[in-house]
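Student: Need coordinates for the below:
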Amino acid sequence: MPSQTLLLPPLARLDGVEGLPRLLGRADVLPARAAGLLPALADAFALPAAGLPAAALLREAAAHDAGGSVWLCADPVYVQPDANGARLLAWGEMALAAEESEELARPLRPVLGDAGMLLEISAPSRWQLRLREGTPLPAFATPEQVLGQSLLTHLPQGAQGRRWRALFNELQILLHQHPRNRARITAGLPPINALWFWGGGALPARPRTALAALLSRDAVARALALHAQVALIDDPTQAAGTGALWLDLAAADAPRVGAQLAGAMRRMRRGDSLELAFLDGRRWHVTSGQRWRFWRRAWQP
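Tutor: All right, here's what the predicted structure looks like:
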């Protein structure tokens, strides 16, 4: 495994990073993988690329009680109707206080209970459903795949998805009528008018990974590192001499990417290597000896 892996924004957002085209032109191209954070995490922790159980990992990190159940994220989101149906416009940190979150969840719990599900709130913006062990789940799209897009093509399909589409609609009606949302709109905040299901599965066995340290602000990445007993750091220099490092820069702007990339190159020693993994799925393998490949042209899109 490379001594350092940098998860970077899509290449289209990094035109201003000085020296990056030259570096990529001299580096070795690796097979691309699926776009997004979860496939990158699955690869780093040697887990199946499809269906990383984000809900179970988040619950285990928050409450240490995820074993013995199937879990599904049921995150509060803002959905806006439009001419073609509806679009997911907000997810994640939505200025939800703990008491507000509980108030919104109160009318939903009986409906979910009747469906055999227990709603757990691990954090105001991170909700999970506890399901019976062995509960089958259809494929769910992650919020990052759906954000800004029409919901119709991303809701679970087929006979197995029918139950979840009906539940999504029933919860949406209850939240649309919730008085707390009128107060949020008055305060200039987006209403919480739906729950988005994703990241289902049971808690996996402790992953075997060569990673020694991880730097990320993402809740799923941090929960997975905790489960694998990989050290969480706040600065790459904290990982000096500890082993392989995974650095999440997926949300960084071009200047920060340039600075962190320069630091990663300085940290490279003889025999070390660096993987540049972009959020769009493209990847390159970098070694110190590649600087002598003068004959190679700079990479061009």
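
Student: Can you list the strands that the lengthiest strand in the chain pairs with?
Tutor: The longest strand of the chain (DSSP state E) is strand 70-82. If you go by DSSP bridges, strand 70-82 pairs up with strand 85-91 (antiparallel), strand 126-131 (antiparallel), strand 194-202 (antiparallel).

Student: contacting residues around the shortest one?
Tutor: With contacts defined as C-beta atoms under 8 Å, 6 or more residues apart in numbering, strand 126-131 is touched by 55, 58-59, 62, 69-76, 101, 105, 112, 116-122, 137, 195, 197, 219. (Glycine included, C-beta is placed from N, CA and C.)

Student: please redo it, this time with the cut-off set to 6 Å
Tutor: The contact list for strand 126-131, computed with C-beta atoms under 6 Å, 6 or more residues apart in numbering, reads 55, 58-59, 69-75, 117-118, 120-121.

Student: Can you say which of those are buried?
Tutor: 55, 58-59, 69-75, 117, 120-121 (16 or more other C-beta atoms under 10 Å).

Student: in the stretch 201-301 of the chain, which spans are helices?
Tutor: Counting by DSSP state H, counting those that start in this stretch, the stretch 201-301 of the chain has helices at residues 219-228, 254-267.

Student: what mean pLDDT does the shortest one have?
Tutor: Looking at helix 219-228 alone, the average pLDDT works out to 97.

Student: so where is this structure shaky, pLDDT-wise?
Tutor: Applying pLDDT under 70 to the chain flags the ranges 1-2, 49, 239-242, 270-271.

Student: which one's the longest helix in it?
Tutor: Longest helix in the chain by number of residues (criterion: DSSP state H): helix 158-176.

Student: returning to that earlier point: nearest to Met268, out of the strands paired with strand 70-82?
Tutor: Closest approach to Met268 among the strands paired with strand 70-82 (C-beta to C-beta): strand 194-202, 34.2 Å.

Student: Helix 158-176 and the closest one, what's the angle between them?
Tutor: Here the directions of strand 194-202 and helix 158-176 differ by 140 degrees (axes from the mean of the first three to the mean of the last three C-alpha atoms, to 10 degrees).

Student: who touches strand 194-202?
Tutor: 51, 53-56, 70, 72-75, 77, 79, 137, 140, 142-143, 171-172.

Student: my guess is Leu72 contacts Pro53, does it?
Tutor: No: using C-beta atoms under 6 Å as the test, Leu72 is too far from Pro53 to be in contact (9.1 Å).

Student: Bridged to the spatially closest residue to Thr135 that is not a sequence neighbour, which residues?
Tutor: Of all residues not flanking Thr135 in the chain, Val70 sits nearest, at 4.6 Å (C-beta to C-beta, 6 or more residues apart in numbering). Per DSSP bridges, the residues bridged to Val70 are Leu131, Ala202.

Student: related to what we said a few turns ago, need the helices of the stretch 201-301 of the chain in CSV with distance to Leu147, can you?
Tutor: Compiled in CSV, the helices of the stretch 201-301 of the chain are given as follows (distance: least, C-beta to C-beta, whole Å):
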stretch, distance to Leu147
helix 219-228, 15
helix 254-267, 21
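
Student: need those helices in TSV with distance to Thr5 and mean neighbour count, can you?
Tutor: Below are the helices of the stretch 201-301 of the chain laid out as TSV (distance: least, C-beta to C-beta, whole Å; neighbours: other C-beta atoms under 10 Å):
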stretch	distance to Thr5	mean neighbour count
helix 219-228	12	22
helix 254-267	9	16
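
Student: Figure out which of these is closest to Leu8.
Tutor: That would be helix 254-267 among those, by C-beta to C-beta, at 6.0 Å.

Student: Tell me the buried residues in the host helix or strand of Arg182?
Tutor: Using DSSP states H and E, Arg182 sits in helix 179-186. For helix 179-186, the buried set under the neighbour-count rule, 16+ other C-beta under 10 Å, comprises Arg180, Asn181, Arg184.
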